[in-house]
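K.L.:
take a look and give me a structure for this.
(2 chains)
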Number of protein chains: 2
Amino acid sequence: MPKVSDDHLAARRSQILDGARRCFAEYGYEGATVRRLEEATSLSRGAIFHHFKDKDGLFLALARDDARRMADVAAEQGLVQVMRDMLAAPDQFDWLGTRLEIARRLKTDAEFRAGWSERSVELQDAVLSRLERQKSAGRLRDDVPTAVLLGYLDLVMDGLVTRIASGQGTENLSAVLDLVEESVRRDRP
Amino acid sequence: MPKVSDDHLAARRSQILDGARRCFAEYGYEGATVRRLEEATSLSRGAIFHHFKDKDGLFLALARDDARRMADVAAEQGLVQVMRDMLAAPDQFDWLGTRLEIARRLKTDAEFRAGWSERSVELQDAVLSRLERQKSAGRLRDDVPTAVLLGYLDLVMDGLVTRIASGQGTENLSAVLDLVEESVRRDRP
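P.N.:
Numbering: from 1, shown residues only, chains lettered A, B, ... in the order given. Below you'll find the predicted structure:
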């Protein structure tokens, strides 16, 4: 019964990812030991690492899942909407704090960096093609290259992740995102 | 001779800070052990912690020094110029990677968070008063509250620190900063 088996595998995979997400959020990347991952997932290390090569693999799979969900929103409503969603439910993005912890590794570990950038290709593509559509529709400013607008939105996104991950105040940020949105549009209102 | 003694103290203090900055940049916050701080400063732990209460104290003093230098630039030329300077010499801001590592602590450790926000009061004030001056001079847009413009520039700054700290590409970022600068101005060019 390959179908049942596939369902089972998918359910197990998502059980592991949910537990790992909570575990990373609570203890951080370094603090999420194998023992704690076992507790959080209610599974043995054998079961966990049957599905994922190692802790890095688990981490990158989570990042990929997030990126995919963000890509869905970004494709329809743009990256600013993704940011508004994050702002509305910052606690769901608790685990993103680990993104900051891994900054040193991104800098020094080429293999890890490659895995990390791969995860975001889909999101980048979604954002880029929406920007192109908006530009064709005359809603986007055309005096700045699309690559620069993309870089701008990415930079603001990095700032927002940092802000949420460090639990700093988010007051005014909704109005700030209005400004960001407007600054890529064709005309100021 | 109190003057000589003061000079000596200041020189010693700056010797410690320079070494600590290199040490944090190379090993990260956790990796900057007392032994490595001794090596980097060529001083004993006794000498180091005569000047600074503990590693946190050293870290916050570095952050304060940076904030002060940035405040000087920001007061005259604005926060976007501070960002342009960072972009021009990212290696001088290597140690900022530690800012990301401490995000979890900022979230969970109230005392540390208080020390951290204190460091940036001077920079915030400098940026705010320049924004106010620019607004009076009619160079700043007046359809958005100054607090929102400040929050916007802060958010972009957080993004830039994250980008530099994780060694990600900085291509396009100069044009992105042009866009940021323009978006707080009165009129698009």
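K.L.:
which stretches in chain A count as helices?
P.N.:
Chain-ordered helices for chain A, with DSSP state H as the definition, fall at A:2-31, A:34-41, A:45-51, A:55-77, A:79-88, A:97-101, A:103-108, A:110-119, A:121-136, A:146-165, A:173-184.
K.L.:
need the ones you listed in TSV with mean pLDDT and mean neighbour count, can you?
P.N.:
Where C-beta positions appear, they are placed from N, C-alpha and C, glycine not excepted. Rendered in TSV, the data for the helices of chain A read as follows (pLDDT from 0 to 100; neighbours: other Cβ atoms under 10 Å in any protein chain shown):
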stretch	mean pLDDT	mean neighbour count
helix A:2-31	87	15
helix A:34-41	96	17
helix A:45-51	94	15
helix A:55-77	91	18
helix A:79-88	94	19
helix A:97-101	79	23
helix A:103-108	79	19
helix A:110-119	86	14
helix A:121-136	92	17
helix A:146-165	92	23
helix A:173-184	96	20
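K.L.:
now do the contacts for A:Thr41.
P.N.:
Remark: with contacts taken as Cβ atoms under 8 Å, 6 or more residues apart in numbering or on different chains, A:Thr41 is in contact with A:15-16, A:18-20, A:23, A:47-48.
K.L.:
list the contacts of the residue lying closest to A:Glu132 once chain neighbours are set aside.
P.N.:
Nearest non-adjacent residue to A:Glu132, counting by Cβ to Cβ, 6 or more residues apart in numbering or on different chains: A:Thr146, 6.4 Å away. Taking Cβ under 8 Å, 6+ apart as the criterion, A:Thr146 is in contact with A:128, A:131-132, A:135, A:140.
K.L.:
hmm, back to that, and B:Leu155, which of the helices of chain A is closest to it?
P.N.:
Each of those was scored for nearness to B:Leu155 using Cβ to Cβ, and the closest is helix A:146-165 (4.1 Å).
K.L.:
mind checking how far the nearest residue to A:Phe112 once chain neighbours are set aside is from B:Leu17?
P.N.:
Once flanking residues are discounted, A:Phe112 sits nearest to A:Arg105: 5.3 Å by Cβ to Cβ, 6+ apart. Distance check for A:Arg105 against B:Leu17: by Cβ to Cβ, to the nearest Å, it reads 26 Å.
K.L.:
does A:Asn172 touch B:Asp154 like I think?
P.N.:
No - A:Asn172 is beyond contact range of B:Asp154, at 9.3 Å (criterion: Cβ atoms under 8 Å).
K.L.:
residues contacting A:Trp95?
P.N.:
Residues in contact with A:Trp95 (Cβ under 8 Å, 6+ apart) are A:21-22, A:24-25, A:62.
K.L.:
could you dump those to CSV with distance to B:Leu37?
P.N.:
Formatted as CSV, the contacts of A:Trp95 follow (distance: Cβ to Cβ, whole Å):
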residue, distance to B:Leu37
A:Arg21, 35
A:Arg22, 35
A:Phe24, 29
A:Ala25, 31
A:Leu62, 34
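K.L.:
identify, from those, the entry nearest to A:Phe112.
P.N.:
For A:Phe112, the nearest member of the contacts of A:Trp95 is A:Leu62. The distance, counting by Cβ to Cβ, is 14.1 Å.
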